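K.L.:
show me how the following folds:
(one chain, ligands or ions: 1)
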Amino acid sequence: MTWLITGGAGYIGAHVAHAMSGAGERVVALDDLSAGIPARLPAHVPLVEGSALDSALLEGVFAEHAVTGVVHLAAHKQVAGSVTDPTLYYRENVGGLATLLEAVAGAGIGRFVFSSSAAVYGAPDVDLITEDTPCAPVNPYGETKLAGEWLVRAAGRAHGIATACLRYFNVAGAAVPGLADRGVFNVVPMVFDRLSRGEAPRIFGADYPTPDGTCVRDYIHVADLAEAHLAAARRLAAPGAAGDLTVNIGRGEGVSVRELVTLIGEVAGGALPAVVEGRRPGDAPRAVASAALAERELGWTARRGVREMVESAWAGWRSGN
Ligand SMILES: O=c1ccn([C@@H]2O[C@H](COP(=O)(O)OP(=O)(O)O[C@H]3O[C@H](CO)[C@@H](O)[C@H](O)[C@H]3O)[C@@H](O)[C@H]2O)c(=O)[nH]1
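P.N.:
Numbers count the residues shown, from 1 in each chain. As a prediction, this is how the structure comes out:
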């Protein structure tokens, strides 16, 4: 197998490239470098600079590198951005995916791993979210991931492509500081950012129906997430693999915002007490995965805990700021 990783120079994509190539898989990265950083990639992994929406480029890359499988991560991923610019999200996350799948089918590539999200579920009122929990996204970002899954499965059936859709929960941490997330869009870097400027971390709402009143999430270390991609790729590459697989990628353990902020304070040292602000529109009170299907189907389970995520993210933050 040779795997093309779209978005391969991004935060998650580069971790996937390291995990897969480190395990002996042949990988090629494609990235338009809008957010990707070439230095994140292992030296021996070729980087093609360009868009996953460019059919001519894709055809050339598939032929030149004899690509036999695709791991598709290139996408827009900001919930707020999807609300203000939904047509961009639909055009690139769904329309771009259609272009990519056409090229994949045209080249006779038979394996496809799709980066999906817990955002497909919206805000279900359940203790653990299983893959059978109804999907009801509450923002255009989640809609594009759900439509993307439909498209991936339909194209897989039509063209005989074995597919896996991985529904990531809340991703954090870094395998090594140089691979850290450089964006300030999620709670861990947002709290680091406040602390670095001498400001108190903010908690968006402490009146939710949860044990301490703050939102509960399922945080997953990006290195564990990368290993889940390797497991999915290997499962699809196994002889006789067919059909589609849709799995949650989480730890199955809820952590509240208050618990997380307290832990960040311990790790970062000298943290100011958090200030409670109003609820952020669209936040679900609780989103925790059932991790059972991933263990059963992929033989994969997360190994790293929340403290390791925060410590590694903090090391990454300090190396880049
Ligand atoms: O300064 C902050 C930042 C965030 N939060 C809260 O922290 C929790 C987590 O927020 P965030 O890191 O923004 O993640 P989510 O809103 O849960 O969404 C993330 O996780 C989803 C999957 O679960 C993905 O689909 C999204 O793309 C990704 O942004 C939420 O309750 C926020 O209200 C705070 O209280 N203070």
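
K.L.:
quick check: residues of the stretch 1-150 of the chain near the ligand?
P.N.:
Lys77, Val79, Ser117, Ala118, Ala119 (CB under 6 Å from any ligand atom). For the C-beta atoms, the positions are set from N, CA and C on the backbone; glycine is no exception.

K.L.:
what would those residues look like in a markdown table with secondary structure, pLDDT and neighbour count?
P.N.:
Converted to a markdown table, those look like this (DSSP: H, G, I helix; E, B strand; the rest coil; pLDDT from 0 to 100; neighbours: other CB atoms under 10 Å):
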| residue | secondary structure | pLDDT | neighbour count |
| --- | --- | --- | --- |
| Lys77 | coil | 95 | 26 |
| Val79 | helix | 93 | 19 |
| Ser117 | strand | 98 | 25 |
| Ala118 | helix | 98 | 26 |
| Ala119 | helix | 97 | 25 |
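
K.L.:
any idea which of those is closest to Asn170?
P.N.:
Asn170 has its nearest neighbour among those in Ala118, at 7.6 Å by CB to CB.

K.L.:
dump the residue contacts of that closest one.
P.N.:
Ile129, Arg167, Tyr168, Phe169, Asn170, Asp218, Asn248, Gly250, Ala287, Ala289 (CB atoms under 8 Å, 6 or more residues apart in numbering).

K.L.:
so how far is Leu101 from the residue lying closest to it once chain neighbours are set aside?
P.N.:
Using CB to CB, 6 or more residues apart in numbering and skipping residues adjacent in sequence, the residue nearest Ala118 is Phe169, 4.7 Å away. Applying CB to CB, to the nearest Å, the value for Phe169 to Leu101 is 25 Å.

K.L.:
Ala14 too?
P.N.:
24 Å.

K.L.:
of those two, which one has the most company?
P.N.:
Ala14 (30 against 25; other CB atoms under 10 Å).

K.L.:
do I have it right that Val191 meets Ala200?
P.N.:
No. Val191 is beyond contact range of Ala200, at 9.6 Å (criterion: CB atoms under 8 Å).

K.L.:
between the two, which one's more packed in?
P.N.:
Val191 (29 against 14).

K.L.:
bridging residues for the spatially most central residue of the chain?
P.N.:
With distances taken as CA atoms, centre = their mean, Tyr168 lies nearest the centre of the chain, 5.1 Å away. On the basis of DSSP bridges, Tyr168 is bridged to Ser117, Ile249.

K.L.:
before we move on, what's the pLDDT of it?
P.N.:
Here the pLDDT value assigned to Tyr168 is 98.

K.L.:
do the one 3 residues further on as well
P.N.:
Val171 carries a pLDDT score of 98 in this model.

K.L.:
ditto for the one 5 residues further on
P.N.:
Val176 carries a pLDDT score of 97 in this model.

K.L.:
again, but for the one 10 residues further on
P.N.:
The predicted structure scores Asn186 at 96 on the pLDDT scale.

K.L.:
likewise Ala242?
P.N.:
69.

K.L.:
go on, Leu272?
P.N.:
Reading off the model, Leu272 has pLDDT 80.

K.L.:
over to the one 10 residues further on?
P.N.:
Looking at Gly282, its pLDDT stands at 85.

K.L.:
so what's Val184 up against?
P.N.:
Counting by CB under 8 Å, 6+ apart, Val184 has contacts Met190, Phe192, Asp193.

K.L.:
may I ask which of those residues has the most neighbours?
P.N.:
Busiest of the contacts of Val184 [other CB under 10 Å] is Phe192, holding 23 neighbours.

K.L.:
so Val45 sits against Arg26, correct?
P.N.:
No. The criterion here is CB under 8 Å, and Val45 misses it with Arg26 at 9.1 Å.

K.L.:
still on that earlier bit, within reach of the ligand, which of the contacts of Val184 are there?
P.N.:
Counting by CB under 6 Å from any ligand atom, the members of the contacts of Val184 near the ligand are Met190.

K.L.:
closest residue of the stretch 201-321 of the chain to the ligand?
P.N.:
Cys215 (3.1 Å; CB to the nearest ligand atom).

K.L.:
list the contacts of that residue.
P.N.:
Phe204, Gly205, Tyr208, Ser256, Val257, Asp283, Ala284, Pro285, Arg286.

K.L.:
okay, and which of these map to helices?
P.N.:
Val257 (DSSP state H).

K.L.:
and the buried ones among the contacts of Cys215, selectable in ChimeraX?
P.N.:
To isolate the buried ones among the contacts of Cys215 in ChimeraX, judged by 16 or more other CB atoms under 10 Å, type:
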select :204,205,208,256,257,283,284,285,286
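
K.L.:
how about the residues of the stretch 201-321 of the chain near the ligand?
P.N.:
Residues of the stretch 201-321 of the chain lying near the ligand (CB under 6 Å from any ligand atom): Arg202, Ile203, Phe204, Cys215, Arg217, Val257, Arg280, Asp283, Ala287.

K.L.:
any idea how far the fourth one lies from Gly106?
P.N.:
Right, the one you point to is Cys215. 44 Å.

K.L.:
likewise for the fifth one?
P.N.:
The span separating Arg217 from Gly106 equals 40 Å under the rule CB to CB.
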